[in-house]
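Asker: Got a sequence here, can you model it:
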Amino acid sequence: MQYRILLHKEPEGGYTIIVPTLPGCVTFGETIDEAIAMAREAVAVYIEDLVEKGEDIPTEDRLLEYRLAVETRR
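Answerer: Coordinates of the predicted model:
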């Protein structure tokens, strides 16, 4: 399975990662590589928990992604 992850560079250092398709699946790493490794582990634990509870595993099969540009005035 594949999931999109969003990396947010923190002002104090490191990266917070959010997995949009898995609500509440958030992790952190000091480097990008560490953050991605932590995300992989967090997703595995998240899915394992869903399986144990007998819940459906969310997928991104029907997800379409588009980046929207919006002009703003300042």
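Asker: For the chain, which segments count as strands?
Answerer: Ranges of strands in the chain, per DSSP state E, are 6-9, 15-18, 26-29.
Asker: Can you lay out the ones you listed as TSV showing distance to I36 and mean pLDDT?
Answerer: The C-beta positions use only the backbone N, C-alpha and C, and glycine is treated the same way. Putting the strands of the chain into TSV (distance: least, CB to CB, whole Å; pLDDT from 0 to 100) gives the following:
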stretch	distance to I36	mean pLDDT
strand 6-9	8	98
strand 15-18	7	98
strand 26-29	7	98
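Asker: Of those strands, which is nearest V70?
Answerer: Using CB to CB as the measure, strand 6-9 is the one of those that comes nearest V70, at 18.2 Å.
Asker: Run through the neighbouring helices and strands of the closest one.
Answerer: On a contact count with 3 or more CB pairs under 8 Å, 6 or more residues apart in numbering; DSSP states H and E, strand 6-9 meets strand 15-18.
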